[in-house]
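Student: Got a predicted structure plus its sequence, pasted below:
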Amino acid sequence: MNKLVILDRDGVINEDSDAYIKTVDEWIPIPGSIDAIARLSHAGFTVVVATNQSGIGRGYFDVATLDAMHDRLRALVKEQGGELGGIFYCPHGPDDGCDCRKPKSGLIDQIVTEYGDVTGVPLIGDSLRDLQAGIQRHCRPVLVLTGKGRKTLDKGLPAELGDVAVYDSLAAFVDHFLKE
């Protein structure tokens with residue numbers, strides 16, 4: 001199996017906001033998430049991010065601002081002695097008809113192109129669309145209860161997702177995963 005872990009961003013790594021994360025100052029890591037990424041990295045896993053960023057398409061922020069957020073994320077992980085792999089994002093709005101906006105699998109396909117087969121690779125998200133994007137490419141769906149995760153769980157998970165592991169946070173998932 002590919003030593004890869006795929007993470008959604010907003011609500012998994014950093015706090016989410018219904019008003020969008022529009023500035024570097026609004027990009028606030030969830031406690032324990034940066035350390036969790038660093039621990040995966042130390043254990044030999046490549047950690048990549050697959051994130052919908054329709055705020056770009058909606059004109060709320062630009063690519064330079066998104067890059068600054070991701071530079072901050074990389075720097076924080078590096079401070080913990082870890083490394084972050086690729087960050088794949090969809091800049092489109094929900095009505096743009098693209099192939100990369102989750103729940104479509106375009107972002108996962110980009111990860112496959114760069115890193116190889118993702119069958120069985122954990123994909124950690126806080127929304128149904130994260131899990132749906134991963135399941136199309138045979139990723140192992142993992143729901144965290146941070147961000148929109150609690151609301152997602154309360155709505156019920158569809159049977160086609162199969163067995164979805166549920167954890168309180170990315171840090172709790174990593175604690176369990178690294179013991180496997």
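Tutor: Okay, I see it.
Student: what about the strands in this protein?
Tutor: Applying DSSP state E to the chain gives strands spanning 4-7, 46-52, 87-90, 122-125, 140-144, 165-167.
Student: if I pick the closest residue to Leu128 other than its chain neighbours, what's in contact with it?
Tutor: Leaving aside its sequence neighbours, Leu128 sits nearest to Thr152 (C-beta to C-beta, 6 or more residues apart in numbering; 5.5 Å). For glycine as for every other residue, the C-beta is placed from the backbone atoms N, C-alpha and C. Contacts for Thr152 (C-beta atoms under 8 Å, 6 or more residues apart in numbering) come out as Asp126, Ser127, Leu128, Leu143.
Student: Then Leu40?
Tutor: Contacts of Leu40 were listed using C-beta under 8 Å, 6+ apart, and they are Val5, Val47, Gly82, Val174, Phe177, Leu178.
Student: Can you tell me how far the fourth one is from Gly86?
Tutor: Relative to Gly86, Val174 is positioned 19 Å away (criterion: C-beta to C-beta, to the nearest Å).
Student: Name the residue in these two with the higher neighbour count.
Tutor: Remark: of Val174 and Gly86, Val174 carries more neighbours, 25 against 14, as counted by other C-beta atoms under 10 Å.
Student: List the contacts of the closest residue to that one other than its chain neighbours.
Tutor: Leaving out its chain neighbours, the residue that sits closest to Val174 by C-beta to C-beta, 6+ apart is Ala36, at 4.0 Å. When contacts are counted by C-beta under 8 Å, 6+ apart, Ala36 touches Ser169, Leu170, Ala171, Phe173, Val174.
Student: Good, wrapping up.
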